[in-house]
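sharing a model that was predicted from the sequence below.
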Amino acid sequence: MVGFEIINRKNLAEGIVEMDVHAPRVACSARPGQFVIVMACEECERIPLTLVDWSCREGWIRLVFQEVGVSTYKLGMMDVGERLYHVAGPIGNPTHIDKFGTVAIVAGGVAIAAAYPIARAFKEAGNIVVSFIGARNSRLLIYRDRIAKISDEVHISTDDGSEGFKGFVTQLLEKRLVDGFKPGLVWVVGPAPMMRSCSTVTKRFGVKTIASLNPIMVCGMGMCGACRVRIKNEIRFTCVDGPEFDAWDVDWDELIQRLSAYREEESYALKLFLESRKTKVGR
Ligand code: NAD
């Protein structure tokens, strides 16, 4: 049968979906830090999604995504038993897992799920894992329990103060660094402005920092160039050279500017899509 069957689907928070997909070949070669490119239907866009978990024995991979545009809305509308048109992967270089002593994992919003396999791998490699997770409010703090299970310490922030430290997760990290916290490595994932801010903070304290980048991506094979980023003033493709880079080397301003290049078109397409859904429901 064509396609990849959805075998589990769960809403983790409003607009955030966790989906398990039958994809045995991907599951058996997946490593922490890698991602897949998903097509919900034949004419659907290709969406890069980080591998959050997988089981080679049972043949599934786990994806977590936020419904923010037409493609992720379409994906979120699919249910158990339906089949994704295509799943390509695993793509990208795995995270360099080594012994650093203490590793600080810094993650924001829906990307907290993407940090989970990395935190687990650093823990399994014998590091002390101190996780910093932040979201706009407590309802959006996904994967809190799973991160807690594999971390030695978890520090929580919310923008509105509904749980933990009131403010950005990068401010929480900075506070700990000021207090004398000295990790051997910081590994960060989340919105690009958050990763830029994390990079600025860790540079000040001289703590090596690896960031998992999230540019617009199309082919995932290093051919189209959509995911190009400037690293130490040289062009790199996130799909084949990344997705992780030394955070201090990333041209964050250019990445942030490129991420918003199609914002108008994206919101227009979403408006049309949501209106067409309403019309269909109203019929
Ligand atoms: P969000 O805007 O709700 O922000 C989450 C948290 O990040 C905030 O609570 C705050 O603590 C911090 N933050 C946000 N803006 C900041 C700033 N300017 N300075 C410092 N800290 C800031 O996040 P969201 O809407 O859930 O989006 C998550 C992002 O993660 C998306 O941009 C997505 O593309 C990215 N992502 C990346 C990967 C990856 O593998 N690289 C995987 C999944 C998601």
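Received, thanks.

what's in contact with stretch 146-166?
Residues outside stretch 146-166 that contact it (C-beta atoms under 8 Å, 6 or more residues apart in numbering): 105, 107, 112, 115-116, 119-120, 123, 128-139, 141, 144, 167-169, 171-173, 175-176. The way it works is simple: take the backbone N, C-alpha and C, and place the C-beta from them, glycine included.

now, of those residues, which are buried?
Neighbour counting with 16 or more other C-beta atoms under 10 Å marks 105, 107, 112, 115-116, 119-120, 123, 128-135, 141, 144, 167-169, 172-173, 175-176 as buried within the contacts of stretch 146-166.

so which of the contacts of stretch 146-166 are also by the ligand?
For the ligand, the contacts drawn from the contacts of stretch 146-166 by C-beta under 6 Å from any ligand atom are 134, 135, 136, 168, 169.

quick one: end-to-end length of stretch 144-161, please.
16 Å (C-alpha to C-alpha, to the nearest Å).

what about the contacts of stretch 146-166, which are in helices?
112, 115-116, 119-120, 123, 144, 169, 171-173, 175-176 (DSSP state H).

nearest to the ligand, of these?
Using C-beta to the nearest ligand atom, residue 169 is the member of the ones in helices among the contacts of stretch 146-166 that lies nearest the ligand, at 3.7 Å.

touching, the closest one and residue 109? I think so.
No - assessed by C-beta atoms under 8 Å, residue 169 is found out of contact with residue 109, at 9.1 Å.

from the stretch 1-150 of the chain, which residue is nearest to the ligand?
residue 109 (2.0 Å).

would you list every one of the helices in the stretch 151-283 of the chain?
For the stretch 151-283 of the chain, helices defined by DSSP state H, counting those that start in this stretch occupy the ranges 169-178, 192-205, 238-241, 252-259, 263-282.

winner for burial among these?
The highest mean neighbour count among the helices of the stretch 151-283 of the chain, using mean count of other C-beta atoms under 10 Å, belongs to helix 238-241: a mean of 22.

look up phi and psi at residue 33.
phi 100, psi -10 (degrees, to the nearest 10).

check residue 164 too.
phi 70, psi -150.

just the pLDDT for residue 281.
pLDDT for residue 281: 51.

report the set of residues contacting both of residue 169 and residue 109.
Counting by C-beta under 8 Å, 6+ apart, the residues touching both residue 169 and residue 109 are 134, 190.

which residues of the stretch 101-250 of the chain lie near the ligand?
Counting by C-beta under 6 Å from any ligand atom, the residues of the stretch 101-250 of the chain near the ligand are 108-111, 114, 134-136, 157, 159, 168-170, 189-191, 193-194, 197, 212-214.

so where's the protein shaky on pLDDT?
Applying pLDDT under 70 to the chain picks out residues 279-283.

what's the longest strand anywhere in it packed up against?
Longest strand in the chain, counting residues (DSSP state E): strand 4-13. If you count contacts as 3 or more C-beta pairs under 8 Å, 6 or more residues apart in numbering; DSSP states H and E, strand 4-13 packs onto strand 16-22, strand 60-66, strand 83-84.

same question for that strand: list its buried residues.
Buried, per 16+ other C-beta under 10 Å, within strand 4-13: 4, 6, 9, 12, 13.

and the first one, what are its bridge partners?
In other words, residue 4. residue 84 (DSSP bridges).

that one and residue 63, how far apart?
11 Å (C-beta to C-beta, to the nearest Å).

now the common contact residues for these two.
Going by C-beta under 8 Å, 6+ apart, residues that sit against residue 4 and also against residue 63 are residue 21.

and the nearest residue to residue 235 once chain neighbours are set aside, how far from residue 258?
Leaving aside its sequence neighbours, residue 235 sits nearest to residue 228 (C-beta to C-beta, 6 or more residues apart in numbering; 5.2 Å). When distance is defined by C-beta to C-beta, residue 228 is 8 Å away from residue 258.

intersection of neighbour lists for the two?
The contact lists of residue 228 and residue 258 share residue 215, where a contact means C-beta under 8 Å, 6+ apart.
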